[in-house]
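# Make a model of this:
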Amino acid sequence: MTRVMGILNTTPDSFSDGGLWTEPGRAVKRALEMVAQGADIIDVGGESTRPGARSVETQQELDRVLPVVEALVAESAVTVSVDTSKPDVMTAAVAAGAGLINDVFALRQAGALEAAAGLGVPVCLMHMQGKPRDMQTDPSYADVVGEVEEFLLQRARSCEAAGISRDRIWIDPGFGFGKKTPECRLAEARRHLARGRRRPVRARCYLEAYLVHWPWVSPCNEYVVVCHQGCEYANEPGVIQPAAR
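Residues are numbered from 1 along each chain as shown. The predicted model follows:
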């Protein structure tokens with residue numbers, strides 16, 4: 001099954017929409033527009049992970065994210081995801097009604113795995129080589145497909161060992177996060193991860209960069225397609241198009 005996630009950055013410096021949705025009322029309005037356009041999930045982020053981005057303090061991230069999560073939960077039945085690597089933000093956002101934790105560090109930050117395990121919501125684990133501030137400086141791999149696959153499966157096993165059930169673990173190869181353009185043969189990694197793993201697999205595709213179609217994903221393997229600024233379904237399963245901006 002294909003689902004669409006709309007990305008809502010409440011930051012001043014994220015990718016293409018940095019600064020557009022820093023005011024909570026405008027952010028909520030934009031989120032509801034994406035729901036009307038077909039988004040099944042709204043992913044709310046309060047810390048930029050663009051190349052070169054620096055981390056922000058926990059309280060600043062909470063101040064950006066919580067008002068939007070609370071308002072969305074009150075105004076819509078859409079699933080709200082929180083894009084964070086900080087355990088305190090995870091905990092507060094889930095308490096406010098978020099139903100998914102999306103972590104570009106794959107729960108590797110101190111206390112994140114333990115916090116996520118105790119919250120009882122699905123988690124999305126992404127591969128990233130390095131950190132946002134340096135991930136695109138000079139990424140290199142001996143075998144990008146094998147290394148990404150092994151990293152994600154190791155993180156998934158760590159989650160299961162911590163008490164997160166397999167059906168609550170999503171995995172994301174991390175297109176553009178510590179990857180060069182030729183290494184976006186990561187679709188091959190998606191194929192390996194989908195076959196027989198029975199875990200949702202997500203792809204994060206930005207703006208008008210991609211129309212994506214993965215016919216090799218079998219019906220029993222749910223996966224998630226993400227498109228920056230919101231998406232609407234095309235006619236074929238697994239195909240996404242940028243929503244009108």
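# any idea how far Asp83 is from Val123?
12 Å (CB to CB, to the nearest Å). Using the backbone N, CA and C atoms, a C-beta is placed for each residue, glycine as well.
# Name the residue in those two with the higher neighbour count.
For Val123 and Asp83, the more surrounded residue by other CB atoms under 10 Å is Asp83, and the numbers stand at 28 against 25.
# Tell me what the more buried one is bridged to.
Gly45, Asn102 (DSSP bridges).
# next one: Cys124
Here Cys124 sits in beta bridges with Asn102, Trp170, as judged by DSSP bridges.
# mind listing the helices in the chain by residue range?
Secondary structure of the chain (DSSP state H): helices located at 24-36, 58-75, 87-95, 112-119, 144-161, 187-194.
# closest to Gly6 out of those helices?
Checking the helices of the chain against Gly6 by CB to CB gives helix 24-36 as the closest, at 3.4 Å.
# Run through who's touching that closest one.
Surrounding helix 24-36, the residues in contact under the criterion CB atoms under 8 Å, 6 or more residues apart in numbering are 6, 8, 10, 20-21, 42, 44, 67-68, 71-72, 75-76, 78, 229-230, 243.
# Which one, of the helices of the chain, ends up nearest to Trp170?
Closest to Trp170 of those is helix 144-161 (CB to CB; 9.3 Å).
# quick one, the closest one and helix 112-119 angle?
Angle, helix 144-161 to helix 112-119, by axes from the mean of the first three to the mean of the last three CA atoms, to 10 degrees: 50 degrees.
# pLDDT on helix 144-161, on average?
The average pLDDT within helix 144-161 is 88.
# which residues of this structure score low on pLDDT?
Residues of the chain that meet the criterion pLDDT under 70 lie in 1, 14-18, 50-53, 130, 132-137, 176, 178, 180-245.
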